[in-house]
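*Asks:* Quick one, fold the following:
(chains A, B, C and D)
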There are 2 protein chains.
Amino acid sequence: METKGRKVLIADDEPDILEILKYNLSNEGYEVVTAKDGDEALEKAKRHQPDLIVLDVMMPKKTGVEVCQVLRSQPAFKETLIIFLTAVNDEGTQIKGLETGADDYVSKPVSPKVFLSRVNALFRRLNKTEVKVLKIDNLTIDPERFIIQVDDNDIVLAKKEFELLYLLALKPGRVFLRNEILNQVWGNDVIVGDRTIDVHIRKIRQKLGIDCITTVKGVGYKFEL
Amino acid sequence: METKGRKVLIADDEPDILEILKYNLSNEGYEVVTAKDGDEALEKAKRHQPDLIVLDVMMPKKTGVEVCQVLRSQPAFKETLIIFLTAVNDEGTQIKGLETGADDYVSKPVSPKVFLSRVNALFRRLNKTEVKVLKIDNLTIDPERFIIQVDDNDIVLAKKEFELLYLLALKPGRVFLRNEILNQVWGNDVIVGDRTIDVHIRKIRQKLGIDCITTVKGVGYKFEL
DNA sequence: TGGGGTATTAAGTTATCATTAAGTCTCTGT
DNA sequence: ACAGAGACTTAATGATAACTTAATACCCCA
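*Replies:* Next up is the predicted model:
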C-alpha cells in the first residue's frame, strides 16, 4: 500500500480489451491488476483490495452484475468504486447495473479517452467525499494510511477498531445504533453478539487514551470530543 | 446503495426464490436483506428493523408462522408488515397465517409481478409516518440521530423519554390519551402503571427546561410551545 | 372540603453496558 | 505445513443508568 497511485482491477474475457485498458491506466499512473472471468475477479479483488474495479457485464463463470452483488455485500467493498463495461447498449442492463451498486457504466466499444476521463472523474469525486483524512482537535484519522494520531503520537488500531472509530468520527455527535454499527462495520451477513461491539469500543478508548466515544444507553454510541 | 426506499427482509430456504424476489424488490427501489431460515430471519429482523418481512411458511429451524408469532409478541414488530409465502395451497394454512398476524399471503409459485403489486399495495395502505427531523421553534428533535437541541444546546434524553417526547411532538396540539401513549411507547404487551408516564413527563420537562408539554387533566398530555 | 386526578421524590428493580479473561480464528513468516 | 502472534469473538461477572413503583404532597373543582 505504499504506491501513490490507485489500484485498479479490470475483469474482462477479451484479452485485447484488458491490454488496451491496462496500458492506458498504467500510463496515467494507476497500478493495474487483471482478471479474465468473474471468479478470478472476486479472488483478485479480495487479494488486492483495489480502489476501483472495472467489470465486464458479460463474462464466463460469473457476470459482472453478479460479481458486483457479491462484492457489495461485503463491508470491505462497500466503498470501492465499480464501473461496468458492456457491449449491450441496453437501457435495462444499465439501470440494473447501477442499482446493483455500480458507480458508473461505460459501453463498448470503449474509447480509451472516454474511459480514462470517467475513471479520473470518479476518483476526483471520491477524494472530495469518501476517503478523507479526519482531523478533530488533536486527533487525526487517516483511513488511507490506516494511521491514527493523538498529539502527534502514532497509535495502532486493529482493523475493526479502526473502521468502528472512523465510522463514528465521520459524523461527530451523531448517535449510531448498534444495528447500524453492525451493518457498517461487520456487514449484513455476519452475525456477532452485541458484546463484541462493547469490547471493540473499550479497546479504542483504551488505546486512544482520550474520552471521545460516548455511550447512549439503550441506543448506541457517538463520537464526541 | 443509496436507496431511500423501505427495507424488506425476505426469508426462504430456496436460494432461487430469494434471488428472484430480491432482484425485483431492488429494482423497485427497496432495500433488501435476506435470510435462509427461521432463526436467521429473527436475527436479521431484529438487527435491520425492516418495514416489511416476507416469510416462507416452510423453512428449517423455525417455520414462517412461528417466526411471525415471535415477532408479533414484541412491540418493535407490532406495526411491521408481514407477508407469507407458501407452496401449500391450503385454505387452513392461509387462515392460520392471517390469524397469526400476517398482513398478506402469496402462494407459490410466485409471480414477480403479482408479488410486487401486493407489496406496493401494502405499503400504500400503510400510513406510516416518516422518521423525520422535527424542528419546532428553538427545539430540534432528530429521531435518527437521537439528538435533541434547545437553542443549540444538546440535551440528552433517555430512550423512553425521547420516544415519548417524539410521539407528542409529531402532532403538536393534539392530546394523547394515557393509553395511547402506553401503546405507542411501551407496546401493547407491557403493563406499567400510570404514574410511570408522569415520571417520564417530569424528567422531560426538567431536562428541556422549557414548558412544552401540557397536562390535560383526566385525559392525557399534549405538546405545545 | 373531600375526591379524583397529577406532581414530586425517593427507593427499589431491571436492563444494558463495562470489564476481564479465556477461547477461537486468521495471518505471517519459517 | 506449522508455530506464534495478534485479532476477533464469546462468556461471565460486576457496575450503573434507565426504568418502575410506591408513598406522599399537591391542586383544582364540585
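*Asks:* per-residue pLDDT, the closest residue to DNA strand D within chain A?
*Replies:* Here the residue of chain A nearest DNA strand D is A:Ala158; by C-beta to the nearest atom of the strand that distance is 2.7 Å. Where C-beta positions appear, they are placed from N, C-alpha and C, glycine not excepted. On pLDDT, A:Ala158 comes in at 92.
*Asks:* Identify the spatial nearest neighbour of it, chain neighbours not counted.
*Replies:* A:Lys203 (7.5 Å; C-beta to C-beta, 6 or more residues apart in numbering or on different chains).
*Asks:* which other helices and strands contact the strand or helix carrying the one you found?
*Replies:* Following DSSP states H and E, one finds A:Lys203 within helix A:194-208. Packing partners of helix A:194-208 (3 or more C-beta pairs under 8 Å, 6 or more residues apart in numbering or on different chains; DSSP states H and E): helix A:159-170, helix A:178-181, strand A:213-216.
*Asks:* elements contacting the first one?
*Replies:* Yep, that's helix A:159-170 we're talking about. strand A:134-136, strand A:139-142, helix A:194-208, strand A:220-223.
*Asks:* and if you look at the last one?
*Replies:* Packing partners of strand A:213-216 (3+ C-beta pairs under 8 Å, 6+ apart): helix A:194-208, strand A:220-223.
*Asks:* Pull the distance from it to the chain's centre.
*Replies:* Its chain's average C-alpha position is 27 Å from that of strand A:213-216, according to C-alpha atoms, centre = their mean, to the nearest Å.
*Asks:* Which strands border that strand, and is each parallel or antiparallel?
*Replies:* strand A:220-223 (antiparallel) (DSSP bridges).
*Asks:* Over the strand it pairs with, what's the mean pLDDT, rounded is fine.
*Replies:* Here the average pLDDT along strand A:220-223 is 93.
*Asks:* and what of stretch A:201-209?
*Replies:* pLDDT averaged over stretch A:201-209 gives 93.
*Asks:* State the distance from the nearest residue to A:Ile191 once chain neighbours are set aside to B:Lys36.
*Replies:* The shortest distance from A:Ile191 to any non-neighbouring residue, by C-beta to C-beta, 6+ apart, is to B:Glu43 (5.9 Å). Going from B:Glu43 to B:Lys36 by C-beta to C-beta, to the nearest Å gives 11 Å.
*Asks:* Then A:Leu170?
*Replies:* Counting by C-beta to C-beta, the gap from A:Leu170 to B:Lys36 is 32 Å.
*Asks:* next one: A:Ala41
*Replies:* Distance, A:Ala41 to B:Lys36, by C-beta to C-beta: 25 Å.
*Asks:* again, but for A:Ile83
*Replies:* 31 Å.
*Asks:* Out of the two, name the residue with the larger neighbour count.
*Replies:* Ranked by neighbour count (other C-beta atoms under 10 Å in any protein chain shown), A:Ile83 and B:Lys36 place A:Ile83 first, with 21 against 18.
*Asks:* sorry, back to before: gap between the helix holding A:Lys203 and the chain center?
*Replies:* The answer for helix A:194-208 is 23 Å, by C-alpha atoms, centre = their mean.
*Asks:* Now do it against helix A:159-170, angle only.
*Replies:* Between the axes of helix A:194-208 and helix A:159-170, defined by axes from the mean of the first three to the mean of the last three C-alpha atoms, to 10 degrees, the angle is 80 degrees.
*Asks:* Using PDB, write out every CA atom in helix A:194-208.
*Replies:* Output of helix A:194-208 as PDB, limited to C-alpha atoms (Å, rounded to 0.1, in the frame of the first residue of the first chain):
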ATOM      1  CA  ASP A 194     -23.800  -7.300  20.900                       C
ATOM      2  CA  ARG A 195     -21.000  -7.600  23.400                       C
ATOM      3  CA  THR A 196     -18.500  -7.700  20.600                       C
ATOM      4  CA  ILE A 197     -19.100  -4.000  19.900                       C
ATOM      5  CA  ASP A 198     -18.600  -3.100  23.500                       C
ATOM      6  CA  VAL A 199     -15.200  -4.800  23.600                       C
ATOM      7  CA  HIS A 200     -14.000  -3.000  20.500                       C
ATOM      8  CA  ILE A 201     -15.200   0.300  21.900                       C
ATOM      9  CA  ARG A 202     -13.300  -0.400  25.000                       C
ATOM     10  CA  LYS A 203     -10.100  -1.100  23.200                       C
ATOM     11  CA  ILE A 204     -10.400   2.100  21.200                       C
ATOM     12  CA  ARG A 205     -11.000   4.100  24.300                       C
ATOM     13  CA  GLN A 206      -8.100   2.400  26.000                       C
ATOM     14  CA  LYS A 207      -5.700   2.800  23.100                       C
ATOM     15  CA  LEU A 208      -6.600   6.400  22.400                       C
END
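*Asks:* For chain A, which segments count as helices?
*Replies:* For chain A, applying DSSP state H gives helices covering A:15-27, A:38-48, A:64-72, A:91-100, A:112-128, A:159-170, A:178-181, A:194-208.
*Asks:* Could you tell me the least trusted of those helices?
*Replies:* helix A:91-100 (a mean of 54).
*Asks:* which residues sit in contact with A:Leu168?
*Replies:* A:Phe176, A:Ile213, A:Tyr221, A:Lys222, A:Phe223 (C-beta atoms under 8 Å, 6 or more residues apart in numbering or on different chains).
*Asks:* make it 10 Å
*Replies:* A:174-176, A:181, A:184-185, A:201, A:204, A:212-214, A:220-224 (C-beta atoms under 10 Å, 6 or more residues apart in numbering or on different chains).
*Asks:* Provide a ChimeraX selection command restricted to the buried entries of these.
*Replies:* Selection command for ChimeraX covering only the buried members of the contacts of A:Leu168, criterion 16 or more other C-beta atoms under 10 Å in any protein chain shown:
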select /A:174,175,176,181,184,185,201,204,212,213,220,221,222,223,224
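*Asks:* which one of the contacts of A:Leu168 is nearest A:Lys132?
*Replies:* A:Phe223 (15.3 Å; C-beta to C-beta).
*Asks:* Let me know whether that closest one touches A:Leu167 as I believe.
*Replies:* Yes - checked against C-beta atoms under 10 Å, the pair A:Phe223 and A:Leu167 is within contact range at 8.6 Å.
*Asks:* Residues in contact with both of the two, list them for me.
*Replies:* With C-beta under 10 Å, 6+ apart as the test, A:Phe223 and A:Leu167 both reach A:Phe176.
*Asks:* What's the local residue count around A:Asp137?
*Replies:* Other residues close to A:Asp137 by other C-beta under 10 Å number 10.
*Asks:* show me the contacts for it.
*Replies:* A:Val150, A:Asp151, A:Ile210, A:Cys212, A:Leu225.
*Asks:* Which one of these is nearest to B:Asp142?
*Replies:* A:Leu225 (19.8 Å).
*Asks:* Quick check: that closest one vs B:Tyr166, distance?
*Replies:* Relative to B:Tyr166, and taking C-beta to C-beta, A:Leu225 is found at 27 Å.
*Asks:* which of the two has more neighbours?
*Replies:* B:Tyr166 (20 against 14).
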